[in-house]
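A.B. asks: the sequence and its predicted three-dimensional model are supplied below.
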Amino acid sequence: EARRRPDRTLRVKMVLLGSSGVGKSSLALRFSKDRFQNPSPTVGCAYLTRVMHLGGATLRLEIWDTAGQEKYHSVTPLYYRGAHAALVVYDICKKETFVRAQLWIRELQRQYVPGSTVLFLVGNKGDLDQDRQVSAQEGQNLAEDKGVSFTETSALSGHQVNELLGAVGRSETNKQT
Ligand code: GDP
Ligand code: MG
């Protein structure tokens with residue numbers, strides 16, 4: 001198994017997609033280092049990592065962030081090719097980022113054999129409930145319609161972040177068995 005290193009660690013490539021400003025870089029930092037920083041750093045071509053232990057398996061998550069190319073709608077397919085998991089992120093306070101998330105899901109589902117990349121729809125900035133423009137039900141409905149998983153997170157508070165990582169990890173360990 002090519003993805004298993006000699007120490008039996010399973011390598012998982014996870015990419016973050018979505019409009020500029022939704023919190024992708026902030027989530028990447030939260031996933032990797034469990035902290036929040038404003039202004040958030042953009043990782044660039046490299047990736048952050050996080051080691052996870054899940055039911056006897058060790059996973060090394062590679063967390064890929066765009067280098068801001070999404071501002072110009074120029075995220076190259078090379079970026080998400082070969083990803084095991086793709087997180088399509090929107091900002092619950094910005095309707096247009098939710099509309100854009102639908103387009104991302106459509107594009108990913110057109111490009112990939114179903115099942116090769118597991119998709120997660122992520123409504124971020126859950127701490128800003130008072131400014132919400134997209135209900136959790138709308139997010140859930142879109143996810144069900146597209147057959148993807150759904151969660152609302154907050155990179156700021158860390159809410160649901162470990163749960164989401166656990167779901168990504170389980171989707172991978174399930175593929176292996
Ligand atoms: P990106 O362009 O998708 O990488 O978004 P960033 O991570 O750069 O975040 C854009 C802005 O939203 C920054 O000012 C962040 O501090 C802020 N932000 C990111 N995540 C959250 C969150 O969960 N809650 C709140 N309140 N602000 C957030
Ligand atoms: Mg960014």
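C.D. replies: Received it, and whenever you're ready, just let me know what you need. Ligands and ions are numbered 1, 2, ... in the order given.
A.B. asks: pull the number of nearby residues for the closest residue in space to Q160 that isn't next to it in sequence.
C.D. replies: Residue nearest to Q160 in three dimensions, not counting chain neighbours: T153, with 4.6 Å by Cβ to Cβ, 6 or more residues apart in numbering. Placement of C-beta: from N, CA and C, glycine included. Using other Cβ atoms under 10 Å, T153 has 27 neighbouring residues.
A.B. asks: isn't T153 up against N124?
C.D. replies: Yes. In this structure T153 lies within contact range of N124 using Cβ atoms under 8 Å: 5.2 Å.
A.B. asks: shared neighbours, those two?
C.D. replies: Contact criterion Cβ atoms under 8 Å, 6 or more residues apart in numbering; residues shared by T153 and N124: L27.
A.B. asks: check which helix or strand covers T66.
C.D. replies: Per DSSP states H and E, T66 falls between elements, in no helix or strand.
A.B. asks: residues contacting the spatially closest residue to it that is not a sequence neighbour?
C.D. replies: Taking Cβ to Cβ, 6+ apart, and ignoring the residues beside it in sequence, T66 has V75 as its nearest neighbour in space, at 5.6 Å. When contacts are counted by Cβ under 8 Å, 6+ apart, V75 is found next to L17, T66, Q69.
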